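Trainee: need the 3D shape of this:
(2 chains)
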Amino acid sequence: MEKIRVAVAGQPNCGKSTMFNAITGATARVGNYPGITVDRLEGRYRMDGFDIQLVDLPGTYSLTSYSLEEVVARDMIVDERPDAVLCMIDATALERSLYLVIQLMEMEIPVVIGLNMMDEAKRKGIRIDTAKLSRLLGVPVVECVARLGVGKDLLMKEVAATAAKHALNFEPIKISYGADLDPFVDRMVELIEAEIPKGNRPPARWLATKLLEGDEIIAERMHAHGSIADRLEKITAEAEKAMETRTGSYPEAIIADRRYGFINGLVRQDVLFRESDLRFDFSDKVDKVLTHRILGPLIMLGVLWTMFYITFTLGAAPQGWVEDGFGWLAYLGSTYIPEGLLQSLIVSGIIDGVGAVVSFAPLILIMFVMLVFLEDLGYMARVAYMVDKVFRIFGLHGMSVMPLVMSGGMPGGCAVPGVMAARTLRSPRERLATILTAPFMVCGAKTTAYIMLIAAFFPQNATLAMFLVVLTSWFFVLVVARILRSTVIRGEHTPFVMELPPYRLPTVRGVAIHAWDRVWQYLKKAGTVILAVSIFMWAMMTFPQLPESETAEFDAQREQVAQQVQAENSGMDAAQIQELIDQRTLAIDELESETALKNSIAGRVSMAIKPVTDLAGFPWQANIAFVGAFAAKEVFVSTMSTAYSMGDVDPEESASLSEKIGNDKAWTLPVVFSVFLFMLMYTPCMVTVVAIARESNWKWAAFSVWGMLLFAFAVSTVVYQVGSAL
Amino acid sequence: MVTPMRSMRVNQCGKIHEVKAKGELGRRIRDMGLVPGTDLVIVGRAPLYDPVAIRMRGYTLTLRNSEADLIQVEVD
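Mentor: Numbers count the residues shown, from 1 in each chain, chains lettered A, B, ... in the order given. You can find the predicted model right below:
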């Protein structure tokens, strides 16, 4: 069987992924391009003696190396030289789509066009003479409706035929860039062909075009070929100067104009019939309402709130099941494994730690289903359009809104899906600023801590206090984003230039595949690292164990109580006596766990850093709880309760703990504010750190760990010191 | 009459006269089909008057006002 390798290209929103899924079915596999976070989707198609391997390229409007996605797509074609490129195009935006096709053809690679959205085009009164388009371009054009899978088999047949034909004889397209620029192109082509052997480089004409376009990446790579790079650079400079004097323009603009000129000439030869280029379509009319000056923002808030509500109410049940499942495992562990270190490791370290992480999976799945749905529907682009003006002031992008809301812009979110949702941002600097500030938001885990603390200190105004905490988090997100964007992520705004795609109902299958991918990656990646960190945190809070003399002392105390109880209640039966003993020794157990916690590495660390944290006024119990909460912020409540010798407390039923803390004289008002702010902003939990590392790199993850720690500490110190001085 | 795109009213039509943007922004603008000679109409503006949405070549595109400043349009 003949093997054919095909790259699938297309502009965003053209239905490329839908067609890719229809063609490859269950064979699709997600991978990564080495070193970057762009997904590499591969799949297979087998029929009638063909074995076609498909690689899904990232969706790009062009190949002029504007974004990471474009570089990835271009390099894949240059480096791997697939046998053919299948370019999916949107029949309702034919000219813009052909701009990508032309660039692919200029790479001198066989192209097959999948003319998608034919049903929608017909409804809109657009008619395209497919046969003529195919003849004029010299490439096969297949009409498709990707949503229904229409055209997929014919497409694959054409791909196979094209690959076979062009293996023998390939005549590349040659677009004229005008009488002014063409001579320069020819000179460069001649030079490249004379100096660099053919097998050693991409096509000469394409290289020449790229150099004239001022493509820095390609110019850099030419230096590998020696002195020819300088000579080519000289010609480029010459061309720039000539264009400047002759036309007042520059080569890059002229090339783009000529490409569009070529496309205009093509569609005007009775290829495209459309009532008017400018007629508002259905989506524009809908947008009169959805992006209306007053209704638009109101509807947006409603949609965000609904999403949020659905995620955390619908998600609560499956999250509970997962938690119950792990609770059952923990029960099994404590029943069948003999008491001791091994049991403690498996139950408190592994099961509790991993369980906390896995229990977020249902929330992430639901959240992503809705996010992908809104994204594919086209609504997210409208949200970005509406809020961009505000976010831009702080160095963020309109598209930052979703990740921030997901992270806890309304309390109860989670920074892990939030950070992952930042993928929809196409601008790298704004995306990084979003990823680094999203963990400031009041996630569900922090909410448990705030509920406990607010109940302790502001029981009269609990709702108002919570609201202020959320407002504070938004304030710091925007301020810190501004600071980051003028320091470590300095740089101009990425151009906003963004399509408002027509509203289209997404396919169930597309949404499901997309959302499941995300969840699976979360489980796989986070699961392994979290397992390691859970064990590490467990060890920190367990070792060294109390010396035997001390545990013996606690045992002696318990023994004493037991004897006393037995002596006092000699008439009762054994079970009742045991119950009484358990009640009375509870205080001793709690004191023992407090002493053990203080004695552990985590306890010693928090004691050791006390001179420093005294600057911000943290009580020692908060210190150790902050250390523990790095594993997961819910741990704050449980560690506080251990430190206040309360034994294990369910984070959701922490009333008595609040009472105890509220009565502790160490918590003055400045201390309370200081702890509140530190809780809000210090180092994200480890799951989030892993997510940040995955979505950017470990360098930025480390920055977020230390940078946020220092920043939060500085803010808390200022608040405590100023507050105490007043 | 030639005017920067920023000063156009909603529903006003025009033909692109010149794109002054260079570098990354210029490339991006041209990639999307905003080249001299293209017909366009202003569809609307975001609630805070920025960005602006335009319709051209059969689809809808948004740009910030600061970007629209660099595009000169011939209006009727």
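
Trainee: go ahead and confirm A:Leu207 touches A:Arg201.
Mentor: Yes - between A:Leu207 and A:Arg201 there is a contact under CB atoms under 8 Å: 6.7 Å. For every residue, glycine as well, the C-beta is placed using N, CA and C.

Trainee: which parts of chain B sit against chain A?
Mentor: Within chain B, the positions near chain A by CB under 8 Å from any CB of the partner chain are B:13, B:19, B:22, B:24-33, B:35-41, B:43-44, B:46-51, B:53, B:55-64, B:67.

Trainee: in a helix, that's where A:Val139 is, yeah?
Mentor: No - the assignment for A:Val139, made by DSSP: H, G, I helix; E, B strand; the rest coil, is coil rather than a helix.

Trainee: in terms of contact, does it touch A:Ile109 like I think?
Mentor: No - contact criterion CB under 8 Å: A:Val139 and A:Ile109 do not qualify, at 10.7 Å.

Trainee: ok, then the element right after the lowest-mean-pLDDT helix or strand in chain B?
Mentor: Every helix and strand of chain B was ranked by mean pLDDT, DSSP states H and E. The lowest is helix B:23-31, at a mean of 87. Per DSSP states H and E, the first helix or strand lying C-terminal to helix B:23-31 is strand B:39-45.

Trainee: note down every partner strand of the helix or strand that that following strand is followed by and its orientation.
Mentor: Sequence-wise, the next helix or strand beyond strand B:39-45 is strand B:52-56, with elements assigned using DSSP H and E. Using DSSP bridges, the strands paired with strand B:52-56 are strand B:39-45 (antiparallel), strand B:59-63 (antiparallel).

Trainee: least trustworthy helix or strand in chain A by mean pLDDT?
Mentor: When the helices and strands of chain A are scored by mean pLDDT, DSSP H and E, strand A:29-32 comes last with a mean of 65.

Trainee: the helix or strand just after that strand packs against which elements?
Mentor: Following strand A:29-32 in sequence order, the next helix or strand is strand A:39-47 (DSSP H and E). Under the contact criterion of 3 or more CB pairs under 8 Å, 6 or more residues apart in numbering or on different chains; DSSP states H and E, strand A:39-47 touches helix A:16-24, strand A:29-32, strand A:50-56, helix A:152-168.

Trainee: buried residues in strand A:39-47, which are they?
Mentor: In terms of neighbour count (16 or more other CB atoms under 10 Å in any protein chain shown), strand A:39-47 has its buried residues at A:Arg40, A:Leu41, A:Gly43, A:Tyr45.

Trainee: go on, stretch A:174-185?
Mentor: A:Ile175, A:Tyr177, A:Leu181, A:Phe184, A:Val185.

Trainee: what about that stretch, average pLDDT?
Mentor: Mean pLDDT, computed over stretch A:174-185, is 93.

Trainee: show residues contacting that stretch.
Mentor: Residues outside stretch A:174-185 that contact it (CB atoms under 8 Å, 6 or more residues apart in numbering or on different chains): A:102, A:106, A:205, A:208-209, A:212, A:235-236, A:238-239, A:242-243, A:246-247, A:251, A:254-255, A:258-259, A:262.

Trainee: would you write a PyMOL line that selects the buried entries of those residues?
Mentor: Buried subset of the contacts of stretch A:174-185, written as a PyMOL selection, criterion 16+ other CB under 10 Å:
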select buried, chain A and resi 102+106+205+208+209+212+235+236+239+243+251+254+255+258+259+262
